[in-house]
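# just coords:
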């Protein structure tokens, strides 16, 4: 599909938002902040782009949407969703932050396909006013992907000035040597795997060792799925560079309220100090669902314990 054809699936609105249409689905961009630990405080370092489909006005899960896409259309749909994220990020997100975008390496097995897609992406980045060095491309490292093809795709991303993150580390058959061979800038640890390791002192000790090993190679780490105050404290104690999860902020459909996080001064998250001295953290809103406001609340006490449930 040529660029002019898939651009026909893009709808630009008067409020500067961009949505997409694919068959019976309407596609919207949502963004979730990723927070970094800085001098005992949390600040927004990045946002992750997430697709939010609906069908005839009813929300459907991203998994349901992507399972409905025939294999022959996957490249076109991924291009469409990536374009939505970039255009909406350029319109609404703090230009000082990084932008995490997901890629499926399995559809870029041939270098020519990757080159065409990435040239189109560079045109979109130019239109959105986004520096390619701000973009972090999330790829999964699984043994179902050919190491040679994965290496080639990562090299193509890097040649276009983009940064690399390995997603879901710890899930299924992740391998540290296989990951480090890709020379990523960032590794995102799988949420369920983190929770299991945090559930015991030996597990947490192993988690710290892995964070240290990546740091020694110049690779930053992100802990996903942080939902409880004790997890946030253990993430900071482990040496992880960044955290992402509902305890901090939920995804929001563009346009977002995250302009309040801009870095003219302190962000709302940064105003809530997080340190071992006062054991406080920012706590996210409780309402479930897609596109909710983060509803940051006042600090709540954190208990430095292991396990999923500090007693209340």
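The structure has been received and is ready for your questions. Keep in mind the model is a prediction, meaning the values are calculated, not measured.

# any weak-confidence spans in the stretch 201-312 of the chain?
Applying pLDDT under 70 to the stretch 201-312 of the chain flags residues 260-312.

# the helices in it, which residues?
201-216, 229-238 (DSSP state H, counting those that start in this stretch).

# next one: stretch 98-115 to chain centre, how far?
15 Å (Cα atoms, centre = their mean, to the nearest Å).

# give the buried residues for that stretch.
98-108, 114 (16 or more other Cβ atoms under 10 Å). Heads up, the C-betas are built off the backbone N, CA and C, glycines and all.

# what's the end-to-end length of it?
23 Å (Cα to Cα, to the nearest Å).

# what mean pLDDT would you report for that stretch?
Averaged across stretch 98-115, the pLDDT comes to 89.

# tell me the SS of residue 28?
With DSSP: H, G, I helix; E, B strand; the rest coil as the basis, residue 28 sits in strand.

# wait, it touches residue 256, no?
No - the criterion here is Cβ atoms under 8 Å, and residue 28 misses it with residue 256 at 11.3 Å.

# re earlier: what's the closest of the helices of the stretch 201-312 of the chain to residue 147?
Closest to residue 147 of the helices of the stretch 201-312 of the chain, according to Cβ to Cβ: helix 201-216, at 19.0 Å.

# packing partners of the closest one?
For helix 201-216, the helices and strands in contact under the criterion 3 or more Cβ pairs under 8 Å, 6 or more residues apart in numbering; DSSP states H and E are helix 176-181, helix 191-198, strand 220-223, helix 229-238.

# now with 7 Å?
For helix 201-216, the elements it packs on are helix 191-198, helix 229-238, judged by 3 or more Cβ pairs under 7 Å, 6 or more residues apart in numbering; DSSP states H and E.

# return the member of the buried residues of stretch 98-115 nearest to residue 204.
Nearest to residue 204 among those, counting by Cβ to Cβ, is residue 100 at 25.5 Å.

# my guess is that closest one meets residue 163, correct?
No - counting by Cβ atoms under 7 Å, residue 100 stays clear of residue 163, with 9.3 Å between them.

# list the residues that contact both of those two?
residue 136 (Cβ atoms under 7 Å, 6 or more residues apart in numbering).

# can you pull the contacts of residue 98?
Contacts of residue 98 (Cβ under 7 Å, 6+ apart): 45-46, 134, 136.

# who has more neighbours out of residue 28 and residue 256?
residue 256 (24 against 21; other Cβ atoms under 10 Å).
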